[in-house]
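Chemist: Have a look; sequence and predicted model below, questions after that.
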2 protein chains.
Amino acid sequence: MVRLYHVPLSPFCRKVRLCLAEKRIEVDLVEERYWERDPDFMRRSPAGKVPVLKMDDRTMTESAAICEYVEEVHPTPPLIPQDPGGRYEVRRLVSFFDDTFHQQVTAKLLYERVNKKITGQGYPDSGNVKSGARAIKHYLDLMEALLDDRRWLAGDAMTLADFAAAAHLSALDYISDVDWDRVSNVRDWYAKIKSRPAFRGLLADNVPGFPPPPHYADLDF
Amino acid sequence: MVRLYHVPLSPFCRKVRLCLAEKRIEVDLVEERYWERDPDFMRRSPAGKVPVLKMDDRTMTESAAICEYVEEVHPTPPLIPQDPGGRYEVRRLVSFFDDTFHQQVTAKLLYERVNKKITGQGYPDSGNVKSGARAIKHYLDLMEALLDDRRWLAGDAMTLADFAAAAHLSALDYISDVDWDRVSNVRDWYAKIKSRPAFRGLLADNVPGFPPPPHYADLDF
């Protein structure tokens, strides 16, 4: 049995969910209120973070390491190409979204608006929200330029880089923070990835107190 | 020609330097005052971050992706094992040091004490420094426990996980922020890694305005 401890809007959990679903690995999803630091959970994840994946008698943390493991033991369909240059490009983009984009955008918009309320840390900091709103425009424009030359973010094939990006953008879209009208290449790319069977689970998410906007699950958004 | 744009005390740059040196890849080191956002540098690294590695006609960013690339094109000596479980463990630890440890320790001690001054951002925040000083004890204790059962952090062989950890700890040791007396396993482990030829470049670093303590470059510290 494969089991994933997660929270629905975490981009790191979403990336792992997309990866498992694309490879048709059935997974039992368990929501984990990680901020309550339940002792059982802290044993599984000493840093107190989600996702935690139980698979092949391992209890795994760190989404980057989890996705590489899943790719290595379930190589079909491939989410990382074979050549070192292609592999570099996928990993560069995954790191970029999970580090820079995460810090400058996801943490400043999603965590301010949603995570703070859910975890009882009060109201959004308006300076952070403004800074996140500025940064997402900048990075959407960079993605738009990248997608001028490429079908998918890392090249001709869909890869883990697309899932990392879509994990962040889908969580931000859940709170209507993505201006799709700004970037037609990005919108077309997101429409393609959103219509994949692997995406269905994410589109069915519903966080109490934060109903998604109607366009969130609409494939023709 | 291989060229690395770096700053001497950056743990991400140090990890890449260790990786290249262990594989005996000669590299031209160029110090980059990334915070000045020189236009040439920003073209190489749109996120404005170091390290940037020029190699094989590529200009590469994101230290995790760089190290995986170097490992794939120069597999000897190996810094990541062959089996998926071993590879997972190495990557988990690298992510742990570069994410959790970086945020909770390196950013709160090194960046407060050194980077803020160098980049003209004023004085250390004492709350951050206190929090970092508490966190490093906790994580040294976790490393101590891990090294009860293992010769190296990820198992029997030295890997990229050891370099990631040593990159952070060596930078913190440069400002005397590691209490080696607290953790004898960690001290023995660091003595082993510090005595490797690959470490020599790091031990020769000298940041103007921040002379290292005498024990920093002493192999018998």
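Modeler: All right, it came through fine. Predicted model only: the values in this text are computed from it and were never measured.
Chemist: A:K54: helix or strand, and which one exactly?
Modeler: Counting by DSSP states H and E, the element that carries A:K54 is strand A:52-55.
Chemist: Just checking the distance from that strand to the centre of its chain.
Modeler: 17 Å (CA atoms, centre = their mean, to the nearest Å).
Chemist: Equivalent analysis for stretch A:93-101, please.
Modeler: 10 Å.
Chemist: who's in contact with that stretch?
Modeler: A:11-12, A:15, A:63-64, A:67, A:139, A:153-154, A:160-161, A:164-165, A:167-168, B:47, B:49, B:61-62, B:64-65 (CB atoms under 8 Å, 6 or more residues apart in numbering or on different chains). The way it works is simple: take the backbone N, C-alpha and C, and place the C-beta from them, glycine included.
Chemist: Show me these that map onto helices.
Modeler: A:11-12, A:15, A:63-64, A:67, A:139, A:160-161, A:164-165, A:167-168, B:64-65 (DSSP state H).
Chemist: At the geometric centre of chain A, which residue do we find?
Modeler: What sits nearest the mean C-alpha location of chain A, by CA atoms, centre = their mean, is A:A167, with 2.1 Å.
Chemist: three-state assignment of A:S131?
Modeler: helix (DSSP: H, G, I helix; E, B strand; the rest coil).
Chemist: What's the local residue count around it?
Modeler: A:S131 is flanked by 16 other residues according to other CB atoms under 10 Å in any protein chain shown.
Chemist: could you measure the residue in chain A sticking out farthest from the centre against chain B, distance?
Modeler: Note on chain A: the largest C-alpha distance from the chain mean falls to A:P39, namely 26.3 Å (CA atoms, centre = their mean). The gap separating A:P39 from chain B is 17 Å, by CB to the nearest CB, to the nearest Å.
Chemist: okay, that residue: pLDDT?
Modeler: Note for A:P39: predicted pLDDT of 92.
Chemist: Now it. Its backbone dihedrals?
Modeler: phi -60, psi -40 (degrees, to the nearest 10).
Chemist: same question for stretch A:70-85, mean pLDDT?
Modeler: 98.
Chemist: Output it as PDB, restricted to C-alpha atoms.
Modeler: Included here for stretch A:70-85 are C-alpha records, laid out as PDB according to Å, rounded to 0.1, in the frame of the first residue of the first chain:
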ATOM      1  CA  VAL A  70       9.400   7.200  -7.800                       C
ATOM      2  CA  GLU A  71      11.000   8.000 -11.200                       C
ATOM      3  CA  GLU A  72      13.700   5.400 -10.600                       C
ATOM      4  CA  VAL A  73      11.500   2.600  -9.400                       C
ATOM      5  CA  HIS A  74       8.600   3.400 -11.800                       C
ATOM      6  CA  PRO A  75      10.300   4.700 -14.900                       C
ATOM      7  CA  THR A  76       7.200   4.600 -17.100                       C
ATOM      8  CA  PRO A  77       6.000   7.000 -18.300                       C
ATOM      9  CA  PRO A  78       9.200   8.900 -17.900                       C
ATOM     10  CA  LEU A  79       9.100  12.300 -16.200                       C
ATOM     11  CA  ILE A  80      12.900  12.900 -16.500                       C
ATOM     12  CA  PRO A  81      14.600  12.400 -19.800                       C
ATOM     13  CA  GLN A  82      17.700  10.300 -20.300                       C
ATOM     14  CA  ASP A  83      20.400  12.700 -21.400                       C
ATOM     15  CA  PRO A  84      22.400  14.600 -18.800                       C
ATOM     16  CA  GLY A  85      21.600  18.000 -20.400                       C
END
